[in-house]
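Asker: predicted model and sequence below, questions to follow.
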Amino acid sequence: MIPFLAAAVLLCMGTCNAFTFSTQKPLSTTRRTCKSHPYPSTALHSSEPSSDIINESIWDILPPKRIEGNSLQTWSFPSGTTRRIQVSLQCLGGRPIEASVELWQSPSYTPTKFTVECEDGSENIVHSIIELPVGRAVTLAVYNTEGQEFPLEASVMDASHVPSASTSFTGLVPQYIEGNGAVKSYNFPENVESVEVLLRTTTRNMKAYIEILHGPNDDNEIVEVETDNANVHPFYTIIQTPGGCNTLRIVNEDTLEFPLEVFVRPFDYEVGEEGKPEFNYGGPYF
């Protein structure tokens, strides 16, 4: 009887050891930006730290101007020495943004413009860089096309002291999107908080459609941009991607003979022990 009990005790001890789980050290996360965490040199990633093109603290430097719904606010740059400007839009309280931003070079000439729509103007804050023509006096106009109950806040700052957006992508091979409605999509994991997008052409005009999708038919932000020469006026913007996995879609709405060059990479993200976040080009398609 005693040998039988000893065997039973040894069997139970072995079974317990077999099902003992080891504890793992929790993953520590650190917020990084592409400025401090370089990517491999590919068409989608940067091999060198990105320049501080966008100043996300613009609200502290320049108090924003409140633009009521169905109202227009302008900023003049008469000297012709300003090379580029930063335009930032937000709407506190979780209200939507629907606005049109235009660059006026004369009373009848608008070389570049873009419209933006987003569901939550406090979460999907808009930051863009507009390149200005050399030696030309221009006026920037921001028109709040929403109703009077949805005001927005806008800040416009001279960004001539920072390099052009194209400079930060120097040495990278862009992806090309042919015209006639061709589409490219980019999928980002939940640890990517925002992405930077640069669209340009080689002295050609450009008409593009950008949207960030959080699920099927759930577009959190839509940007439509038009310019008569996307080499002189390339479009650079930071698009927020909070709240889980997101898909960025870019559509070339111009005709087939007007392709555009695209650069996309994460701007603000969190990394853990595994390093930089992984993202891919292509499906799944939302």
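Answerer: Noted; the coordinates are in hand.
Asker: so what pLDDT did residue 283 get?
Answerer: In this prediction, residue 283 carries a pLDDT score of 47.
Asker: could you do residue 167 as well?
Answerer: The confidence metric pLDDT takes the value 89 at residue 167.
Asker: residue ranges of the helices in the stretch 1-150 of the chain, please?
Answerer: Secondary structure of the stretch 1-150 of the chain, counting by DSSP state H, counting those that start in this stretch: helices at 2-18, 58-61.
Asker: lowest-confidence stretch among those helices?
Answerer: Of all the helices of the stretch 1-150 of the chain, the segment with the smallest mean pLDDT is helix 2-18, scoring a mean of 46.
Asker: centroid residue for the protein?
Answerer: The chain has residue 239 as the residue nearest its centroid, 2.4 Å off, counting by Cα atoms, centre = their mean.
Asker: that one: what secondary structure?
Answerer: When the structure is reduced to helix, strand and coil (DSSP: H, G, I helix; E, B strand; the rest coil), residue 239 reads as strand.
Asker: for it, give me its contacts.
Answerer: Residue 239 makes contacts with 124, 194-197, 210, 212, 221, 223, 248, as judged by Cβ atoms under 8 Å, 6 or more residues apart in numbering. Using the backbone N, CA and C atoms, a C-beta is placed for each residue, glycine as well.
Asker: which among those residues gets closest to residue 110?
Answerer: Distance from residue 110 was checked for each of those by Cβ to Cβ. The minimum falls on residue 223, at 16.8 Å.
Asker: for residue 167, helix, strand, or coil?
Answerer: Following three-state DSSP, we place residue 167 in the helix state.
Asker: measure it to residue 131 for me?
Answerer: Taking Cβ to Cβ, to the nearest Å as the measure, residue 167 and residue 131 are separated by 11 Å.
Asker: neighbour count for the two, which is higher?
Answerer: When neighbours are counted by other Cβ atoms under 10 Å, residue 167 and residue 131 differ, and residue 131 comes out ahead with 24 against 11.
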